[in-house]
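Chemist: Mind folding the following:
(2 chains)
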Amino acid sequence: MAEKEIMLMKGNEAIAHAAIRCGADGYFGYPITPQSEVLETLAKLKPWETTGMVVLQAESEVASINMIYGGAGAGKRVFTSSSSPGIALMQEGIAYMAGAELPGVFVNVQRGGPGLGTIQPSQSDYFQSTRGGGNGDYNVIVLAPNSVQEMADFMDLAFTLAFRYRNPAMILSDGVIGQMMEKVVLPPQKPRRTEEEIRRECPWASIGRTADRKPNVITSLELKPEAMELRNLHLQEKYRAIKENEVRYEAQQLDDAEVLIVAFGSAARIAEKAIEIAREKGIKAGLFRPITLWPFPEKQLREAAHGKRGVLVVEINAGQMIEDVRLSVNGEEPVEHFGRLGGIVPEPDEIVKAIKEKLL
Amino acid sequence: MNDIISPENIVYKKPTLMNDTPMHYCAGCSHGVVHKLVAEVIEEMGMTDKTVGISPVGCAVFAYRYIDIDWQEAAHGRAPALATAVKRLWPDRLVFTYQGDGDMACIGTAESIHALNRGENITIIFINNAIYGMTGGQMAPTTLLGQKTSTCPYGRVPELHGYPLNITELAAQLRGTCYVTRQSVETVGAIRSAKKAIRKAFEASMAQKGSSLIEIVATCNSGWKLSPAQANKWMEENMFKQYPKGDLKDTTGL
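Modeler: I've put the predicted structure just below:
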């Protein structure tokens, strides 16, 4: 079994390595640029010969997400990965998983849209990820890595959170993080759970009715409105607990900052460089990086923004997270946006220029 | 009389896996009979604690209410994708889907064909009654030419609606399938034959022989607007011409 290792690799490759090492039971996916290395790496590593992990190339993203539904419904740690148009296709399945309370994990290595769009990086699926994306009142847990290391680390975290709350969890990455190579520390191999462990952790799993219990049925269907309302109230209660307990964020150089940059994922990496340049020019800027996009770090951001001259939201989209930033700041400080579209990744200098023009 | 009603004289009883929940199916519908056969076969194979059923969207959406095994309810058409994952992750389980014509042969055609073509060790039980029963009698992919439904009220014509889809013949062409058969349940003889087919398919799944598809040509007397007896007759006279009964493929060696 593999020990802890330090390697150089792409974010997409790190997802594959980390999944095997955190004891994933299965991957089901369909190729799409810029994330095909996830399936390619898994196919090359052949985990079915070592840990027993199942790897299957499905006929579509629709099939992939429904395989995740089936696998998660049977108590297994299963995941899929795709990029924006493919994730759009999966939304039906994700809504069904939220309704049936299934703990699947999916990775979105975003590219520019709308439609077929471009294969270049983007962050324009923020709304789709944090607002549900499919039908009904639901949320998925959304983790936004900003490095190859976090791609690896968030795999296990996503499974842990998904099973803790019986809820789908998403890693919202993009073409920058998926394709860039960095040093990564891979965790030692965790064993896959045994049948006994699965029965204990997931007494709800549909894996064969033993004589001592009633049938387990995985479903999101409830025709009686009174019962369906109760089911929804239960979901809302769960979402409140997730908001209470699972907010994650990172703050840099806030103490003396006059202006605050809010950015997630790859945009936050670029913002770090922009802050360095701004400080060389005498502009005291700090960074607030939401790591969970849902639940959004509302209170923490409000505190971080308190008393600042202004807030600049840097995103690789036309302005999506800015809505959550404005709701959090609630009019107390001015909030502006800077973004590039269509697969263009912003330069640090452009961000510095935007700070000067929009906030100072 | 009371002497006769004693355990040793029982020749037939409701399968213990069928519970007492009142069925939502219309009187005369084929679903109830097929449910009973599935329950009997699982029980006779001793697989209750190892079986996972996947129910569809359509009339059989509530199949999980009637047979006391573990179930998963799939999105419309996606049952074979769920079954694929469950079987690959739990290879010692008996995994089957139960789907209607709209679910299996229309919206879920891709999932059906690819699961069968990969040779997943699962069984698809496919109820073909040539109509969308649950939503009130609309045209199905398997609706016969000339047949009237609420969305082809003047009868199905190829110029407007295309042709009936014989997906079972397609499945028999696929290298991943080991057993493909077409059955019905309108007579005692037909019921016995259908039960044998289900047993063979389940055994083939457990013996890792590949995918099995059992089409049950079925009645929908409500949707067809016929009495149950008339519906059986209409099925025999019309449906069996388009969907001839019998084994289309059997490489199981069972």
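Chemist: Residue A:28 sits in which helix or strand?
Modeler: strand A:26-29 (DSSP states H and E).
Chemist: Could you list the buried residues of the longest helix that chain B contains?
Modeler: Of all segments of type helix in chain B, defined using DSSP state H, the longest is helix B:188-206. Within helix B:188-206, the residues that qualify as buried are B:190-191, B:193-195, B:197-206, counting by 16 or more other C-beta atoms under 10 Å in any protein chain shown. C-beta: built from backbone N, CA, C; applies to glycine.
Chemist: Pick the one among those closest to chain A.
Modeler: residue B:206 (12.8 Å; C-beta to the nearest C-beta).
Chemist: Pull the number of nearby residues for the residue lying closest to the closest one once chain neighbours are set aside.
Modeler: Nearest residue to residue B:206, sequence neighbours excluded (C-beta to C-beta, 6 or more residues apart in numbering or on different chains): residue B:94, at 6.0 Å. Using other C-beta atoms under 10 Å in any protein chain shown, residue B:94 has 24 other residues around it.
Chemist: distance of residue B:94 from residue A:14?
Modeler: Between residue B:94 and residue A:14 the distance is 38 Å, computed by C-beta to C-beta, to the nearest Å.
Chemist: Let me know the pLDDT of the residue in chain A sticking out farthest from the centre.
Modeler: In chain A, residue A:211 marks the outermost C-alpha relative to the chain mean, sitting 39.2 Å out by C-alpha atoms, centre = their mean. pLDDT recorded at residue A:211 is 94.
Chemist: So it belongs to a helix, correct?
Modeler: No - assessed with DSSP: H, G, I helix; E, B strand; the rest coil, residue A:211 is coil; it does not lie in a helix.
Chemist: In space, what's closest to it - neighbours in sequence excluded?
Modeler: residue B:49 (6.9 Å).
Chemist: returning to that earlier point: pLDDT of the strand holding residue A:28, averaged?
Modeler: 98.
Chemist: Now look at it and say if it contacts chain B.
Modeler: Yes - judged by C-beta under 8 Å from any C-beta of the partner chain, strand A:26-29 comes into contact with chain B at A:26, A:28.
Chemist: Quick check: residue B:13 is in a helix.
Modeler: No - going by three-state DSSP, the assignment for residue B:13 is coil, not a helix.
Chemist: Pull out the buried residues from stretch A:111-128.
Modeler: By 16+ other C-beta under 10 Å, the buried positions in stretch A:111-128 come out as A:111-113, A:117-126, A:128.
Chemist: Would you point out the most distant pair within those residues?
Modeler: By the measure C-beta to C-beta, A:119 and A:126 form the most distant pair in the buried residues of stretch A:111-128, at 18.8 Å.
Chemist: Which helix or strand contains residue B:252?
Modeler: Using DSSP H and E, residue B:252 is not contained in any helix or strand.
Chemist: give me the number of residues near residue B:5?
Modeler: Residues lying near residue B:5 (other C-beta under 10 Å) number 8.
Chemist: How confident was the prediction at it?
Modeler: So residue B:5 comes in at 81 (pLDDT).
Chemist: before we move on, what SS does it have?
Modeler: The local conformation at residue B:5, judged by three-state DSSP, is coil.
Chemist: That one and residue B:36: what is the separation?
Modeler: 22 Å.
Chemist: do residue A:141 as well
Modeler: Distance, residue A:141 to residue B:36, using C-beta to C-beta: 43 Å.
Chemist: quick one: low-confidence parts of the chain?
Modeler: Going with chain A. For chain A, the stretches with pLDDT under 70 are A:1.
Chemist: please go with chain B instead
Modeler: Scanning chain B for pLDDT under 70 picks out B:1.
Chemist: let's see 90
Modeler: Within chain B, the stretches with pLDDT under 90 are B:1-13.
Chemist: So which residues on it come close to chain A?
Modeler: Counting by C-beta under 8 Å from any C-beta, chain B comes close to chain A at B:48-52, B:54, B:61, B:64, B:68-75, B:78, B:81-86, B:88-90, B:93, B:110-111, B:114.
Chemist: Would you list the buried entries among those?
Modeler: B:48, B:50-52, B:54, B:61, B:64, B:68-75, B:78, B:81-86, B:88-90, B:93, B:110-111, B:114.
Chemist: Would stretch A:132-142 count as contacting chain B?
Modeler: No - for stretch A:132-142, no contact with chain B is found by C-beta under 8 Å from any C-beta; the gap never falls below 10.2 Å.
Chemist: residues contacting the closest residue to chain B within the stretch 1-150 of chain A?
Modeler: At 3.1 Å from chain B, residue A:70 is the closest residue in the stretch 1-150 of chain A, using C-beta to the nearest C-beta. Counting by C-beta atoms under 8 Å, 6 or more residues apart in numbering or on different chains, residue A:70 touches B:54, B:72, B:74, B:81, B:82, B:83, B:84, B:85, B:86.
Chemist: For the closest residue to residue A:171 other than its chain neighbours, which three-state class applies?
Modeler: Of all residues not flanking residue A:171 in the chain, residue A:107 sits nearest, at 4.5 Å (C-beta to C-beta, 6+ apart). Using three-state DSSP, the structure places residue A:107 in strand.
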